[in-house]
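Asks: A structural model of the following input is requested.
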Amino acid sequence: MLYLIDASIYVFRAYYSLPDSMTDSEGHPVHAIYGFTNFLCDFVRRTNAEYVGTAFDISLTSSFRNDLYPAYKANRDPAPDELKRQFSYCRLIAKEMGFPCFADSTCEADDIVGTLATKWRQRNSGVTLVTRDKDLLQLLTPGDTYWDYANDRRVEHHQVKEEFGVRAEQVADYLALTGDAVDNIKGVPGVGPKTASKLLEAYDTLDDVYANLDDLHLINVRGAKTLSEKLSEHKDAAYLAQQLTQIKCDMPISAAKSGLKRKVPDMVAIRKIFDELGFADSLARKIASLA
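Replies: Numbering: from 1, shown residues only. As a prediction, the model looks like this:
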């Protein structure tokens, strides 16, 4: 089993849930680092994972999606410098704890997860996605699991439709129709979750929906009479949204099976980092006990 951790989610979770009064000797907040390190400790304790990949986001503005659509995620405030600083430490600590870490300025953590999952499945089976980002449901294949770690909620491939309204293979097309306000993706105005689900239940893919515009008035959904007109008017937006929401699984990331094997923590390096951050030795001892 390969565990793929959408690491940025858990850094943000610690940053916003723990008090920023936790600082190092120079007054820099370290609460996100502390919370993320504890998350990694708990993850190892619960899973004893042998194979794991940890994917980090580097930038909100440098991925290939920004080239396709400059307004992509433009609605988000830039990350504070103190958060960027803590992100760097989180990646460093994960690495010294023995977690294989991946990050790339040309893509997002989602694409790293998708690529690693695809490469793994070529020779192995079983991937668990450790995340709470529902976009990653589209990566599930039979035998995989989506694990919302914080809520300890697991979704298997065959359960995606029940949980989300569409099959795993339809998630990108679903988001192409509804848009994604979190990422500033418009989609088709007037097409909400229920309508998108009905469309994909009837026609399976976005391409099939557009191939059957003349029949959309027959779908049992509010506003069916105007669906064809809406979709025709916003066809370019829908297909752009599909490109933006579809996770890439062929990024140039090298990861042989041996490169995904969790290693023994480097306790000398970890204690040095913890001294800089002012962390109690009890956290280092916790890591050492998990080795």
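Asks: And the pLDDT for the closest residue to Arg167 other than its chain neighbours?
Replies: Ranked by CB to CB, 6 or more residues apart in numbering and with sequence neighbours excluded, the top spatial neighbour of Arg167 is Lys161, at 5.1 Å. (C-beta placed from N, C-alpha, C; glycine too.) Looking at Lys161, its pLDDT reads 95.
Asks: Check which helices and strands the helix or strand that contains Lys161 sits against.
Replies: Using DSSP states H and E, Lys161 sits within helix 160-164. Judged by 3 or more CB pairs under 8 Å, 6 or more residues apart in numbering; DSSP states H and E, helix 160-164 is in contact with helix 171-178.
Asks: quick revisit: quick one: buried residues of the helix holding Lys161?
Replies: For helix 160-164, burial by neighbour count (16 or more other CB atoms under 10 Å) applies to 160, 164.
Asks: One more: stretch 99-119?
Replies: Across stretch 99-119, burial judged by 16+ other CB under 10 Å covers 99-104, 106-119.
Asks: Run the chain-centre distance for the helix holding Lys161.
Replies: With CA atoms, centre = their mean, to the nearest Å as the basis, helix 160-164 stands 18 Å off its chain's centre.
Asks: How about stretch 131-151?
Replies: From the chain centre to the centre of stretch 131-151 is a distance of 9 Å (CA atoms, centre = their mean).
Asks: cool, and stretch 90-107?
Replies: The chain centre lies 15 Å from the centre of stretch 90-107; the measure is CA atoms, centre = their mean.
Asks: hey, C-alpha coordinates of it in CSV?
Replies: Provided in CSV are the C-alpha atoms of stretch 90-107 (Å, rounded to 0.1, in the frame of the first residue of the first chain):
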residue,chain,number,x,y,z
CYS,A,90,7.7,21.6,7.4
ARG,A,91,9.2,20.2,4.2
LEU,A,92,12.6,20.0,5.8
ILE,A,93,11.3,18.2,8.9
ALA,A,94,9.3,15.7,6.8
LYS,A,95,12.4,14.9,4.8
GLU,A,96,14.5,14.4,8.0
MET,A,97,11.8,12.2,9.4
GLY,A,98,12.3,9.9,6.5
PHE,A,99,9.3,10.9,4.4
PRO,A,100,9.9,11.1,0.6
CYS,A,101,9.0,14.7,-0.3
PHE,A,102,8.0,16.1,-3.7
ALA,A,103,7.3,19.7,-4.8
ASP,A,104,7.5,21.4,-8.2
SER,A,105,6.9,25.0,-9.2
THR,A,106,5.2,24.0,-12.5
CYS,A,107,2.4,21.9,-11.0
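Asks: Show the average pLDDT along it.
Replies: Averaged over stretch 90-107, pLDDT sits at 95.
Asks: same deal with stretch 265-281?
Replies: Here stretch 265-281 scores 96 as its mean pLDDT.
Asks: Residues contacting it, please?
Replies: 23-25, 30, 33-34, 37, 89, 92-93, 96-98, 283-284, 287-288, 290-291 (CB atoms under 8 Å, 6 or more residues apart in numbering).
Asks: buried ones in it?
Replies: Neighbour counts over stretch 265-281 (16+ other CB under 10 Å) mark 265-267, 270-271, 273-274, 277, 279 as buried.
Asks: Cross-check the contact I'm expecting between His158 and Pro142.
Replies: Yes - counting by CB atoms under 8 Å, His158 does reach Pro142; the two are 7.2 Å apart.
Asks: Could you check what's spatially nearest to Ala117, not counting adjacent residues?
Replies: Closest residue to Ala117 apart from its sequence neighbours, by CB to CB, 6+ apart: Val127 at 4.7 Å.
Asks: Correct me if wrong: that neighbour contacts Lys119.
Replies: No - Val127 is beyond contact range of Lys119, at 10.4 Å (criterion: CB under 8 Å).
Asks: on that earlier part again, filter the buried residues of stretch 99-119 down to just the ones in strands.
Replies: Counting by DSSP state E, the part of the buried residues of stretch 99-119 found in strands is 101-103.
Asks: any idea where the strands of the stretch 1-150 of the chain begin and end?
Replies: Per DSSP state E, counting those that start in this stretch, the stretch 1-150 of the chain carries strands over the ranges 2-6, 51-56, 101-103, 127-130, 145-148.
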